[in-house]
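1. need a structure here:
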Amino acid sequence: MKIVLAGGSGQVGTLLARHYHAQGHDVVVLSRRPAAAPWRTTHWDAETLGAWAQELEGADAVFGLAGRSVNCRYTPENKRLIMDSRVNSTRVLGQAIAQAHDAPRVWIQASTATIYGHSYTRPNNEDGELGGEESDAPPAWRFSIDVAKAWEQAANEAETSRTRKIITRTALTLSPDRGGIFDTLLSLVRRGLGGKVASGRQMVSWLHDADYIAAVDWLIAHEHMSGIVNLAVPHPLPMDDFMRELRRAWDIPFGLPSTRWMLEIASLFMQTETELILKSRYVLPGRLLAEGFAFQYPQWPAAADDLCQRWRA
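-> Sure thing, here's the model as predicted:
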């Protein structure tokens, strides 16, 4: 196959590039800062049509993955960059797909499970209530939901009738790669800081990297699938249980707890936002389960064991 990864130089893009390259497929990464890699890389600015659009000709799958990291403080400038990088890249990718002579077979556009409401008790399948009006959610959290909605709208507005379109609302994708989400969480455990986070009640929706790869492979192969698809395990769990199992997998019996005010102070020093760990994301993969997709790591204890073993390797 020919696989094009637009904005494919981040954690998820690298997972996909490694996977498809190892299988012998033709992999092309579109990046604003191309770097040497085992697969082909080419430049795009993620805003305007250019020579890069020729790479989409005859592609079997195009992934839209571009977007500035949300692991930062939500300053006015960062908020602009977060929003524009997602909306503009998705819009121009849709334009390139629409004008292709030999249109791609499928466009898998990234979105986020953060689009759903902050909830401790109400699970969200693909038809779940979108967030934004929760009485117990800080107003600052509305920004992430607005970004997710605008991101999806840009994809939905693209006229790509010759190309199957899928929007993946993806939960935390965990791999042992350095600098990723799992690496950050594990660093807290290794330093003795992996205890209860605030109330510990907030739900954690996550996905093992092997299941992420398997799910997108499955979506490419099943040509009747289109529209919104949640990529998350069927068994999310409270943050307190999540961190306890991670400590067990790393063989550390105790972790210092973090209160909400401690997290607010720490987030200032770490130049990030507390929403990333305080929002309760209760997301289920309704469509994947209904279609018979089988998860290799549906439960966190086994996934934590595997990720810790691979991190050590």
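2. On the three-state scheme, the nearest residue in space to Glu55 that is not next to it in sequence is what?
-> Leaving aside its sequence neighbours, Glu55 sits nearest to Val28 (C-beta to C-beta, 6 or more residues apart in numbering; 4.9 Å). All C-beta spots, glycine's among them, are computed from the backbone N, C-alpha and C. Of the three states, Val28 takes strand under DSSP: H, G, I helix; E, B strand; the rest coil.
3. and if you look at the one 5 residues further on?
-> Of the three states, Arg33 takes coil according to three-state DSSP.
4. tell me the pLDDT at the closest residue to it other than its chain neighbours?
-> Nearest non-adjacent residue to Arg33, counting by C-beta to C-beta, 6+ apart: Ser9, 7.2 Å away. At Ser9, the model reports a pLDDT of 89.
5. returning to what we had before: how about the contacts made by the residue nearest to Glu55?
-> Applying C-beta atoms under 8 Å, 6 or more residues apart in numbering, we find Val28 in contact with Lys2, Ile3, Val4, Leu5, Trp39, Arg40, Thr41, Thr42, Glu55.
6. quick one, strands of this protein?
-> 2-6, 26-31, 40-43, 61-64, 106-112, 164-170, 172-174, 203-204, 206-208, 227-231, 237-238 (DSSP state E).
7. Thr114 is in contact with Ser144, correct?
-> Yes: at 5.0 Å, Ser144 counts as touching Thr114 under the criterion of C-beta atoms under 8 Å.
8. I'd say Trp107 and Thr163 touch.
-> Yes: here Trp107 lies in contact with Thr163, judged by C-beta under 8 Å, at a distance of 5.2 Å.
9. Which one's more surrounded, the two?
-> More crowded of Trp107 and Thr163, by other C-beta atoms under 10 Å: Trp107, with 27 against 21.
10. circling back to that earlier point, with respect to burial, which of the strands of the chain scores highest?
-> Greatest average neighbour count among those goes to strand 61-64 (a mean of 28), per mean count of other C-beta atoms under 10 Å.
11. gap between it and the chain center?
-> Here strand 61-64 is found 14 Å from its chain centre; the criterion is C-alpha atoms, centre = their mean, to the nearest Å.
12. Run through the neighbouring helices and strands of it.
-> strand 2-6, helix 76-99, strand 106-112 (3 or more C-beta pairs under 8 Å, 6 or more residues apart in numbering; DSSP states H and E).
13. Save these as a markdown table, and put in mean pLDDT too.
-> Output for those, formatted as a markdown table (pLDDT from 0 to 100):
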| stretch | mean pLDDT |
| --- | --- |
| strand 2-6 | 98 |
| helix 76-99 | 96 |
| strand 106-112 | 97 |
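14. So what's the residue count around the residue nearest to Leu15 when sequence neighbours are not counted?
-> Excluding the flanking residues, the one nearest Leu15 by C-beta to C-beta, 6+ apart is Asp209, at 5.6 Å. Using other C-beta under 10 Å, Asp209 is surrounded by 23 other residues.
15. same thing with Gly292?
-> Residues near Gly292, counting by other C-beta under 10 Å: 8.
16. coming back round to it: cross-check the contact I'm expecting between the residue nearest to Leu15 and Thr173.
-> Yes: here Asp209 reaches Thr173: they are 6.2 Å apart, a contact under C-beta under 8 Å.
17. Name the residues contacting each of those two.
-> The contact sets of Asp209 and Thr173 overlap at Leu15 (C-beta under 8 Å, 6+ apart).
18. Can you give me the pLDDT of Leu188?
-> 85.
19. contacting residues around it?
-> Gly194, Gly255.
20. For the residue nearest to the spatial centre of the chain, list each beta-bridge partner.
-> By C-alpha atoms, centre = their mean, the chain has its centre lying nearest to Thr170, at 4.6 Å. In this entry, Thr170 is beta-bridged to Thr112, Leu231, by DSSP bridges.
21. Tell me the spacing between it and Tyr282.
-> Distance of Thr170 to Tyr282, given as C-beta to C-beta, to the nearest Å: 15 Å.
22. what's the answer for Met243, then?
-> 17 Å.
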